[in-house]
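Chemist: Structure for this input, please:
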Amino acid sequence: MKECLYCKIKVGGNPEKCPLCQNALTGEGEMDHWPKIYPDTRRRKAFKIVTFCVIAACILSVAMDYLFLKFEHLNFSPVVVAWLLVTGWLLEVVLKRHYNILQTLFVSMITISFLCQVTEIFIHFAWDVPNLWITPNYIIPSVCAVCMVAGIVLSLVDKRLTEHSMIYTFLNFLVGVIPWIVIMIVNSKAPLPWSICMVVNVLILVAFIVFRGKKVLAELKKRFHTE
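Modeler: Residues are numbered from 1 along each chain as shown. Below you'll find the predicted structure:
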């Protein structure tokens with residue numbers, strides 16, 4: 001076992017320096033208590049490249065919009081920067097692989113839907129374009145339905161997702177059904193994409209209950225702290 005002459009402590013394993021004062025240790029080392037973890041340098045390098053590209057693209061977009069284009073034009077950099085940052089965040093999640101797939105799907109759905117709505121509002125006010133209500137009527141229900149389908153496919157491929165991430169499927173279900181109910185109450189008729197989204201969400205929820213009933217019940221008990 002190695003020893004630090006300055007801190008008067010013994011250090012297990014085979015480190016080169018004292019964990020307290022960082023001075024060199026003396027004595028013979030022993031077998032490490034834990035296996036060494038080698039970082040994935042290729043993944044870290046890819047993450048750094050993606051981060052630099054996103055930041056560089058944001059800077060170039062703002063510079064092009066406000067510095068280089070001297071003639072009167074529609075400002076586009078706020079929208080471009082917002083989408084670049086979201087894209088960079090999604091790539092970061094994929095590259096690091098420290099994520100819950102169903103949680104990432106749900107958060108991505110909410111983020112993309114919100115950003116689409118902000119983009120539409122920006123275009124409406126900044127560019128004086130008529131508001132076509134594309135995001136609430138078409139994009140949000142379409143993204144919600146796609147995420148719900150992706151969720152059940154991933155859960156069937158990896159059964160652990162049903163056991164530990166079912167709550168995000170229920171949240172996705174609520175996002176797909178509650179707006180449809182509100183629209184029906186207010187207008188008595190919902191746009192076709194919302195009706196399709198509602199039917200898809202209900203069918204997939206039924207499929208979860210039929211094929212993964214016990215795990216769905218266990219997930220609900222765990223989330224609501226019931227026995």
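Chemist: OK, contacts around Cys147?
Modeler: Counting by CB atoms under 8 Å, 6 or more residues apart in numbering, Cys147 touches Leu105, Phe106, Ser108, Met109, Asn172. Backbone N, C-alpha and C define where each C-beta goes, glycine included.
Chemist: hmm, 7 Å instead?
Modeler: Leu105, Phe106, Met109, Asn172 (CB atoms under 7 Å, 6 or more residues apart in numbering).
Chemist: Please apply the same query to Trp194.
Modeler: Pro141, Pro179, Trp180, Ile183.
Chemist: what domains does the record give for the protein?
Modeler: Annotated domains of the chain cover 1-37, 130-227 [automatic domain parsing].
Chemist: so of the contacts of Trp194, which ones are in helices?
Modeler: Pro141, Pro179, Trp180, Ile183 (DSSP state H).
Chemist: Put the buried members of these into a ChimeraX selection.
Modeler: Selecting only the buried entries of the ones in helices among the contacts of Trp194 in ChimeraX, with 16 or more other CB atoms under 10 Å as the criterion:
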select :141,179,180,183
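Chemist: Kindly reformat the ones in helices among the contacts of Trp194 as JSON lines and extend each row with pLDDT and distance to Val79.
Modeler: Formatted as JSON lines, the ones in helices among the contacts of Trp194 follow (pLDDT from 0 to 100; distance: CB to CB, whole Å):
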{"residue": "Pro141", "pLDDT": "95", "distance to Val79": "22"}
{"residue": "Pro179", "pLDDT": "92", "distance to Val79": "24"}
{"residue": "Trp180", "pLDDT": "93", "distance to Val79": "28"}
{"residue": "Ile183", "pLDDT": "91", "distance to Val79": "27"}
